[in-house]
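Chemist: Any chance you can model this:
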Amino acid sequence: MEKSDIILLPGLNRQVRFLIQKLIGKNLLNVLVIGSFSELAAKKIEAKFGSNIEIIVEDYDSLINSKYIIRNSPKINVKLMSYDSTDYPDNHFDLVYAQASVSLSKRNKIIKEIKRILLPGGYFCVSEIVSLEKSVPRFVNDIYNNSDLLPLFKDDIERYYEARKFNIIAKENLSSTLKEYFTTSLETYNRIDDKLQSHEKSYYKKVANKIKHESNAYLKLGADKYIGLISLLMTKEKN
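Modeler: Coordinates of the predicted model:
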């Protein structure tokens, strides 16, 4: 696989593969993809299911970056929108896809919004950053705080979604992808740095610095003992 085909998000290409394997042959007309750097995931979903795809991001730099990446994909559109307050109608999407993008301090509001805009019986595929231990050291909490993360404990994730009336179809532990994610991301940002234009450098430099800090903690300080990633495929309960 070419590096340009790798989704630079926790979970890499494993979450999309997990989704496709479970839903192959399903009719997914309207799909929402949540989060920056999700463009390649959106392209893979569109290629497999022929879906009309909306991507939402929460900052202007991500919007401009996404528009450039999807410029040759007429069935994919990107909008600037808060994840917990969209302008989509009720019961609109056949699938909502979120790859490491909703494990935030406002998760409850985001999940409530996803449930509102998802069709009854519609699919929700999410990967969540999780804590592997109930008590984590300060440097791990610093990572969470710096990224506005509020991870669930790994054993609580299924109960969390079941309490919000989602039916869990499948689960996959993607924690093993995190080491490769940090390594590949650093290599990629270092490789493209010289090719970026001035307006792009500030955006990617901020992202690269964040990845560098988290990578050091994960690969060298032992954060891998405390930080994991779990993906779930669910349906919204029918009324």
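Chemist: where does the protein dip in pLDDT?
Modeler: For the chain, the stretches with pLDDT under 70 are 1-4, 189, 192-206.
Chemist: Let's see that with 80 instead.
Modeler: Scanning the chain for pLDDT under 80 picks out the ranges 1-4, 185-213, 216-217, 219, 239.
Chemist: the longest strand in it is where?
Modeler: strand 118-131 (DSSP state E).
Chemist: how about the strands in this protein?
Modeler: Under DSSP E, the chain gives strands at 30-34, 52-57, 76-80, 93-99, 118-131, 152-153, 166-173, 227-236.
Chemist: Settle this for me: Leu149 is touching Ile129, isn't it.
Modeler: Yes. Using CB atoms under 8 Å, Leu149 is in contact with Ile129, at 5.8 Å. For the C-beta atoms, the positions are set from N, CA and C on the backbone; glycine is no exception.
Chemist: partners of the longest strand of the chain in the sheet?
Modeler: strand 93-99 (parallel), strand 152-153 (parallel), strand 227-236 (antiparallel) (DSSP bridges).
Chemist: For that strand, what is the distance to the chain centroid?
Modeler: Here strand 118-131 is found 10 Å from its chain centre; the criterion is CA atoms, centre = their mean, to the nearest Å.
Chemist: returning to what we had before: who touches both of Leu149 and Ile129?
Modeler: Common contacts of Leu149 and Ile129 (CB atoms under 8 Å, 6 or more residues apart in numbering): Ser103.
Chemist: Run through the helices of this structure in chain order.
Modeler: Under the criterion DSSP state H, helices of the chain are mapped to 14-23, 39-49, 60-69, 107-117, 138-146, 157-163, 178-192, 198-220.
Chemist: Of those, which is nearest Asp87?
Modeler: The closest of these to Asp87 is helix 107-117. By CB to CB, the value is 9.6 Å.
Chemist: For the closest one, buried residues please.
Modeler: Buried positions in helix 107-117, judged by neighbour count with 16 or more other CB atoms under 10 Å: Arg107, Ile110, Ile111, Glu113, Ile114, Lys115, Ile117.
Chemist: Quick check: bridge partners of the residue nearest the centre of the chain?
Modeler: What sits nearest the mean C-alpha location of the chain, by CA atoms, centre = their mean, is Gln99, with 1.8 Å. Counting by DSSP bridges, Gln99 is bridged to Ser127.
Chemist: Contact partners for it?
Modeler: Applying CB under 8 Å, 6+ apart, the residues near Gln99 are Ile7, Leu9, Pro10, Gly11, Gln15, Val16, Gly35, Ser38, Ala41, Val126, Ser127.
Chemist: No more questions from me, cheers.
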